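**Student:** Let me see the structure of the following:
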Amino acid sequence: MLAFIGGTGLTRLEGFEILNEKLVDTPYGQPSAAVLEVGHSEHPQRSAFFLARHGHPHGIAPHAVNYRANIWALKEMGATAVIGVNAVGSVDPSLHPTDLVLPDQLIDYTWGRASTFSTDSAVEHIDFSWPYTASLIEQIVSAAKSSGIQVRQGGVYAATQGPRLETAAEIRRLANDGCTLVGMTGMPEAALAREAGLEYASLCLVVNPAAGVKAEGAPDREITMADIEQAVLDGMSNVRQLIATLVGEQQQR
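**Tutor:** Have a look, this model is predicted:
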């Protein structure tokens with residue numbers, strides 16, 4: 001069954017009915033929130049799981065998210081594929097607020113996070129050459145087309161530590177490294193999903209140009225939370241519609 005992890009601006013799925021709610025006990029502690037099984041009135045024979053990455057209401061910083069418990073809980077509930085919804089900044093100046101992007105690569109700049117299910121006695125070296133599942137990305141692209149929603153395929157997600165935003169020099173470094181998007185929650189979520197044997201993709205909503213990123217000739221501009229919140233508000237309607245379409249295109253439960 002398909003599962004969604006909601007990030008900033010997506011702590012609940014408006015328009016969906018909660019069919020079941022369970023706070024799953026895991027070997028790694030409590031997940032960010034209860035796992036919800038949700039359904040949509042347009043697709044009464046289908047359901048999906050939903051978990052708020054930052055809790056509900058939003059209150060857990062990116063570096064403090066219990067990523068291991070979240071992924072474990074979704075697998076325990078029966079999820080087979082996970083789509084993480086991420087609010088991101090654009091390192092690529094051709095990307096603009098409210099754009100939706102499906103990255104195909106990532107670079108991890110985080111540190112100190114509990115990032116693996118492996119232990120000293122059971123080490124697993126996963127193949128992480130391609131961190132996102134191509135077939136799941138294609139499902140999202142197909143759902144976007146049928147919903148009339150534009151998504152851009154491809155890009156490199158830079159996972160930074162947070163919770164502060166990056167400096168302009170750091171963003172220049174990310175651009176030099178080939179990154180096109182920057183966020184704080186893409187890792188270790190993707191790697192843990194791979195370790196758990198789950199398909200995984202990231203649906204990124206651009207909410208601001210990253211520090212120092214601007215159109216040629218445009219003046220420097222401060223990044224404000226008001227601008228980010230407005231982009232989240234404007235862009236999440238497409239995210240919710242896309243989720244509803246993906247739920248409807250699943251096999252019947």
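
**Student:** how about the strands of this protein, start to end?
**Tutor:** Defined through DSSP state E, the strands belonging to the chain, from first to last, are 2-6, 16-22, 35-40, 43-52, 81-90, 100-102, 105-108, 152-153, 156-159, 181-183, 199-209.

**Student:** Quick check: can you name the pairing partners of the shortest one and their directions?
**Tutor:** Sheet pairing for strand 152-153, assigned by DSSP bridges, gives strand 100-102 (parallel).

**Student:** can you check the first one too?
**Tutor:** According to DSSP bridges, the neighbouring strands of strand 2-6, each with its direction, are strand 43-52 (parallel), strand 81-90 (parallel).

**Student:** Can you tell me what sits against that strand?
**Tutor:** With Cβ atoms under 8 Å, 6 or more residues apart in numbering as the contact definition, strand 2-6 has outside contacts at 12-13, 35, 48-53, 70, 74, 77, 79-85, 189, 243, 246-247, 250. All C-beta atoms are positioned from the backbone trio N, CA, C, and that covers glycine.

**Student:** May I see the buried residues of it?
**Tutor:** Taking 16 or more other Cβ atoms under 10 Å as the basis for neighbour counts, the residues of strand 2-6 that come out buried are 2-6.

**Student:** for Thr133, what are its contacts?
**Tutor:** If you count contacts by Cβ under 8 Å, 6+ apart, Thr133 has them with 81, 199-201.

**Student:** Tell me the one among those residues nearest to His63.
**Tutor:** For the contacts of Thr133, the closest approach to His63 (Cβ to Cβ) belongs to Tyr200, at 20.2 Å.

**Student:** ok, the nearest residue to Arg113 once chain neighbours are set aside to Ala201 distance?
**Tutor:** Excluding its sequence neighbours, the residue lying closest to Arg113 (Cβ to Cβ, 6 or more residues apart in numbering) is Pro188, at 5.6 Å. Between Pro188 and Ala201 the computed distance is 16 Å (Cβ to Cβ, to the nearest Å).

**Student:** same thing with Gln105?
**Tutor:** Counting by Cβ to Cβ, the gap from Gln105 to Ala201 is 12 Å.

**Student:** So those two - more neighbours on which side?
**Tutor:** Taking other Cβ atoms under 10 Å, Gln105 and Ala201 do not tie; Ala201 has more neighbours (23 against 15).

**Student:** Run through the residues that contact Thr98.
**Tutor:** With contacts defined as Cβ under 8 Å, 6+ apart, the neighbours of Thr98 are 205-207, 231, 234-235, 238.
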